[in-house]
Structures are given as structure tokens and as C-alpha cells.
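Visitor: Build me a model:
(chains A and B)
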Amino acid sequence: EAGVVQSPRYKIIEKKQPVAFWCNPISGHNTLYWYRQNLGQGPELLIRYENEEAVDDSQLPKDRFSAERLKGVDSTLKIQPAELGDSAVYLCASSLDLAGGYYEQYFGPGTRLTVT
Amino acid sequence: GDSVTQMEGPVTLSEEAFLTINCTYTATGYPSLFWYVQYPGEGLQLLLKATKADDKGSNKGFEATYRKETTSFHLEKGSVQVSDSAVYFCALSGGAQKLVFGQGTRLTINP
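Guide: Numbering: from 1, shown residues only, chains lettered A, B, ... in the order given. Reported below is the predicted structural model:
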């Protein structure tokens, strides 16, 4: 079974430029997450989708970040314009949530963004 | 809000040494607790978990016991191997599928 796929793996851009990250979750997983991991820190949740609906985007900086999950499968996270402080690893995860409880989240390898 | 504090790294040990990585948490209610591992170049993987007080999670020789009285979930392994070199994250889930992570502990095992 294929894991969570993310692309690109690395991205270097200049500040004020736009950037987009793509995530393909594990087939059949209805819940998708985007996390940001700053250097030397643990991941922090940016947004969580249940199918097509964003059910928790409270930590997403909405002035410059946007995300979408069309058709409840793939997802794209965009930053426009990027700032130096956005340099981090952006992780995508997915899980199959049925009813209540906690379901294991499977993580992709991440996209390392460097803003110069 | 919920938070996790774990032992600062990096931690360097010799092969076959005993490992402890400390983790304490602050949460309302009764969270589930996890240890994730991140090997070089790979994504985070769930190593073990415990969902209620006094539960012991175990996997690949690693163990951690959910201690409600000390709000701790320390990771232990009796004899580490070079292949255990990785970054280890303690995390909790207080509900709504939201994971809160500690800052991570980098472990290096020397042969």
C-alpha cells in the first residue's frame, strides 16, 4: 500500500513569491492534515479536513495561507506571499476516521521550504 | 491549552545502552499519549501509544507507561541499536483528532 505522497520534497523561493505544496493521502483515508514543523520543533497543525470540509483551520494564517481539498482526495496548501519566517517543513498526514476515538495518522515525508 | 514537554537533546549513547527519553504533558481531561519516530529522510511513524492511565505501549523493544499521577509518558528501551538513531516525538491527543507534539529529541547511537 502506497503511503502519503508529497511534492515537491524541497523548494527554495525568494520572499514575496508564491508557493504551493501538494499531498496525495493514502487511498480511502477520509481525513487529511497539514502540519508545519519549524527547525528543532515538533509539528503544529495548520488545518484538518474531513472529506472536502475544513473542520479545523484555527491555526492557519489566513492572510497568506490557503488550502483546498477538492473531491475529498488530494490537497494543496498555498502560501502567497511567502515570508522568511515561513521556512519550515510542511507535513501532510491522513487517517481513516470512522466514529469517535483516535485513528492513527500516517505522515508523508514532508516538503522542506526555504525562503530567502 | 494542551502541551507536551520532552527531554532536550541531542542524546548520544553507545550500542546496547539503556535509553530513557522523558516526556511530561499538560492537558485537560484524559488524553491519549503517543511516541512518534522520524528516521532520516522519512516521515513520522507511530512507534507506540497508550490511551488510558497505567496502560503500557510497546513496540520494537520500546516501552512507555501512561502515568496520570505524574503526567508522564517516558520512553524506554533496554538495549539500543545503531538503527534506533532518529528523532523521537512525544505527543498527545485530547480529542478531535488533534495531535500536540513535543519539540523532539534527537537520538544518536554509536557502534
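Visitor: element containing A:G28, please.
Guide: Under DSSP states H and E, no helix or strand contains A:G28.
Visitor: list the contacts for it?
Guide: With contact set as Cβ atoms under 8 Å, 6 or more residues apart in numbering or on different chains, A:G28 has these partners: A:L96. No exception for glycine: its C-beta is placed from N, CA and C like everyone else's.
Visitor: Could you do the one 4 residues further on as well?
Guide: With contact set as Cβ under 8 Å, 6+ apart, A:L32 has these partners: A:C23, A:P25, A:R48, A:Y49, A:R69, A:S75, A:C92, A:A93, A:S94.
Visitor: Format these as a markdown table; extra columns: secondary structure, distance to B:G102 and pLDDT.
Guide: Formatted as a markdown table, these follow (DSSP: H, G, I helix; E, B strand; the rest coil; distance: Cβ to Cβ, whole Å; pLDDT from 0 to 100):
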| residue | secondary structure | distance to B:G102 | pLDDT |
| --- | --- | --- | --- |
| A:C23 | strand | 24 | 97 |
| A:P25 | coil | 25 | 96 |
| A:R48 | strand | 20 | 94 |
| A:Y49 | strand | 25 | 94 |
| A:R69 | coil | 28 | 96 |
| A:S75 | strand | 26 | 97 |
| A:C92 | strand | 20 | 97 |
| A:A93 | strand | 17 | 95 |
| A:S94 | strand | 22 | 94 |
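Visitor: Looking at those, which is nearest chain B?
Guide: Nearest to chain B, judged by Cβ to the nearest Cβ, of these is A:R48 at 6.6 Å.
Visitor: confidence score at whichever residue of chain A sits closest to chain B?
Guide: Residue nearest to chain B within chain A: A:G42 (2.9 Å; Cβ to the nearest Cβ). Predicted confidence (pLDDT) for A:G42: 93.
Visitor: That one should be in a strand, yeah?
Guide: No - if the criterion is DSSP: H, G, I helix; E, B strand; the rest coil, then A:G42 is coil and not within a strand.
Visitor: Neighbours of it, how many?
Guide: A:G42: 22 surrounding residues under other Cβ atoms under 10 Å in any protein chain shown.
Visitor: mind checking how far it is from B:V82?
Guide: A:G42 sits at a distance of 24 Å from B:V82 (criterion: Cβ to Cβ, to the nearest Å).
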